[in-house]
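**Q** Would you be able to build a 3D model of this:
(2 chains)
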Amino acid sequence: MSTEARESLNFIEQIIAEDIANGKHNGMVHTRFPPEPNGFLHVGHCRAIVLNFDLGLKYGGKTNLRMDDTNPSTEKTDFVDNIKNDIHWLGYEWANDVLYASDYFGQLYDFATQLIEKGLAYVDDSSAAEIAATKGDTTSPGQNSPYRSRSIAENLDLFARMKAGEFPDGSRVLRAKIDMAAPNLLLRDPVLYRIKHEHHHRTGDAWCIYPMYDFAHGQSDSIEGITHSLCSLEFRHHRDLYDWLIEKLEIFPSRQIEFARMNVTYMITSKRKLLKLVEEGLVSNWDDPRMPTIAGMRRRGYPAAAIVDFCRGIGLTKRDNMIEIERLEYHVRQELNQSATRVMAVLDPLKVVITNYPAGQVEWLATENNPEDPESGTHELPFSREIYIEREDFATEAPNRKYFRMAPDRDVRLKSAYILHCTGYETDPATGEVTEVHCTYYPDSKSGEDTSGVKAKGTLHFVSIAQAVKAEVRMYDRLFTDPNPTNHEDRDFLEFFNPDSLTVITGYAEPSLAQAAPGAAYQFMRLGYFVADESTRPDAPVFNQTVTLKDSYRP
RNA sequence: AGACCUAUGGUGUAAUCGGUAACACAGCAGAUUUUGGUUCUGUCGUUCUAGGUUCGAGUCCUAGUAGGUCUACCA
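**A** Numbers count the residues shown, from 1 in each chain, chains lettered A, B, ... in the order given. Now for the predicted structure:
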């Protein structure tokens, strides 16, 4: 009864549990995921999405999806659609419709006016360079702006005229009047509004002044009644300003809590750097299967459930972390092992002729769709005199006692078919390369009805040559040659781009693969998991390697 | 150099008013296996340092050390 282990809560859950116990916000929990629609979502966002939406689900609250679109220069509606699609794909549903910080521009303007009226904000005519120059630094205080002591009336007038479009870009800003000597640089009269005569993807030309992050994010949280506003560690310093604004504006007290964002080896999460990969043509696009974007991982064949499980499993702290990609791959394999249909495909073919099998004869053999799922049934694949096996599965001489693949005078089973006895092989006189292998088969060794008594230690996959379908197979390796490519002070991350991260080959697949539906997951037996690419067609099947199988064979 | 944040196996986390440092991934070894997959078993290895408080410290205190963040009209 009382032997059940106490549930281990992460530090944010502890805070929430405490707030609920104390009756804060009447026990309500309301979170949000606030992406800026200026790029594709990536692994790092997955962690934040899972965290915020799971918390909403767990504590009976809601989670908003809010586009943080306060900078008209970089944001686009296209990105909004991708973001919505990615979140849905992960399996989450947001409360209400999608919300936009830009919907609050009117409210935000009123907040700014209130601040001016309280003598807590002023219009500064200084240039960006002047503001930066008088900011001081970590060891010395800044200097007050000469415009800091303008009257409230003058500030009100100037701010209204900023909004009216009377001034050019960069000529004036609205600043909070806090403390130019504050140890936290963000509190040294931070800029609240800037002038940008630019078209906004939603508000059009209605505004020519736009709020800065610090004067939009926290206020949006407050307007929406967000109880726990979760963000990454680098926003710690912003919290002082976040709290100051809420206090001075006397609005709903959302609470910001910072956590360490997730880093994964061989993956980068800088939007700027991901964009560079696309622009330089090193990857095909944002959804290239090598990209750590949600779109890329989806196209790579990573199941949404695997990504979500991964994010849930890594815990949550305030420590910088670097999670090994093997852990993500573990979840991908675990998920795919349960769901992927088993098929056979040979990627590096070596012809095998079964000399005692009648030429022209074809047998259709039943093979399990998925041994992990008894309900999954079987499908049929052809067997005939001439087949392909993996070149790697043949050796002219068995290297050691632990080798149990094909070699002269050895017996080996063909998965779901017969046991073969290797009688010899032919080589290219010029190169010495093996060109063909000869075998005989044991007619009474058919899978499921084997009475041969022959013991074969190894089992190989194969395809019947006559019925095999050629497929384009894209083999992937890590995108970078270094687990943390952006961590080198003296070298650009592109120096670590792995030129072998994509290898396109022609494989030979069992005929059922011609009908693969885009997105369908398969296990090419003994090779790995593959997904039918969105471009796959019956006459030209295309597969992306998702991840290899774990391989404990060591020659 | 200033403020703030963080230090637990190779990696990520747990240990909830101070009470035997545990789980997962990775690694290694073995069993099972018509996928050298899956599954199962075993194994390796951990509290940054120095003081202090205490019967007892990963946990509390002090001082160091190391790493991270911050001086955009980006978010």
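
**Q** hey, where'd the helices end up in the stretch 51-200 of chain A?
**A** Taking DSSP state H, counting those that start in this stretch as the test, the helices found in the stretch 51-200 of chain A are A:77-90, A:105-117, A:128-133, A:152-164.

**Q** can you list those in JSON lines and add mean neighbour count, mean pLDDT and distance to A:Gln219?
**A** In this view, the C-beta of every residue, glycine as well, is placed from N, C-alpha and C. Below are the helices of the stretch 51-200 of chain A laid out as JSON lines (neighbours: other Cβ atoms under 10 Å; pLDDT from 0 to 100; distance: least, Cβ to Cβ, whole Å):
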{"stretch": "helix A:77-90", "mean neighbour count": "17", "mean pLDDT": "96", "distance to A:Gln219": "21"}
{"stretch": "helix A:105-117", "mean neighbour count": "18", "mean pLDDT": "98", "distance to A:Gln219": "6"}
{"stretch": "helix A:128-133", "mean neighbour count": "12", "mean pLDDT": "97", "distance to A:Gln219": "22"}
{"stretch": "helix A:152-164", "mean neighbour count": "16", "mean pLDDT": "98", "distance to A:Gln219": "16"}
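
**Q** and of those helices, who's closest to A:Met28?
**A** Nearest to A:Met28 among the helices of the stretch 51-200 of chain A is helix A:105-117 (21.2 Å), distances taken as Cβ to Cβ.

**Q** quick one on the thing from earlier: turn the helices of the stretch 51-200 of chain A into a markdown table, columns for distance to RNA strand B.
**A** Below are these laid out as a markdown table (distance: least, Cβ to the nearest atom of the strand, whole Å):
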| stretch | distance to RNA strand B |
| --- | --- |
| helix A:77-90 | 12 |
| helix A:105-117 | 11 |
| helix A:128-133 | 3 |
| helix A:152-164 | 10 |
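
**Q** which stretches of the stretch 1-150 of chain A form strands?
**A** A:30-33, A:62-67, A:99-100, A:121-124 (DSSP state E, counting those that start in this stretch).

**Q** Which one, of those strands, ends up nearest to RNA strand B?
**A** The stretch from these with the least distance to RNA strand B (Cβ to the nearest atom of the strand) is strand A:121-124; that distance is 7.4 Å.

**Q** who does that closest one touch, helix- and strand-wise?
**A** helix A:105-117, helix A:152-164, strand A:173-176 (3 or more Cβ pairs under 8 Å, 6 or more residues apart in numbering; DSSP states H and E).

**Q** Reformat the strands of the stretch 1-150 of chain A as TSV; add mean neighbour count and mean pLDDT.
**A** Shown next, in TSV, are the strands of the stretch 1-150 of chain A (neighbours: other Cβ atoms under 10 Å; pLDDT from 0 to 100):
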stretch	mean neighbour count	mean pLDDT
strand A:30-33	25	98
strand A:62-67	23	98
strand A:99-100	20	98
strand A:121-124	24	98
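
**Q** I'd like the ones you listed laid out as JSON lines, including distance to RNA strand B.
**A** As requested, these are exported to JSON lines (distance: least, Cβ to the nearest atom of the strand, whole Å):
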{"stretch": "strand A:30-33", "distance to RNA strand B": "12"}
{"stretch": "strand A:62-67", "distance to RNA strand B": "9"}
{"stretch": "strand A:99-100", "distance to RNA strand B": "11"}
{"stretch": "strand A:121-124", "distance to RNA strand B": "7"}
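
**Q** Let's have those strands in TSV, adding distance to A:Gln256.
**A** Formatted as TSV, the strands of the stretch 1-150 of chain A follow (distance: least, Cβ to Cβ, whole Å):
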stretch	distance to A:Gln256
strand A:30-33	11
strand A:62-67	15
strand A:99-100	18
strand A:121-124	21
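
**Q** Right, I'll call it a day here.
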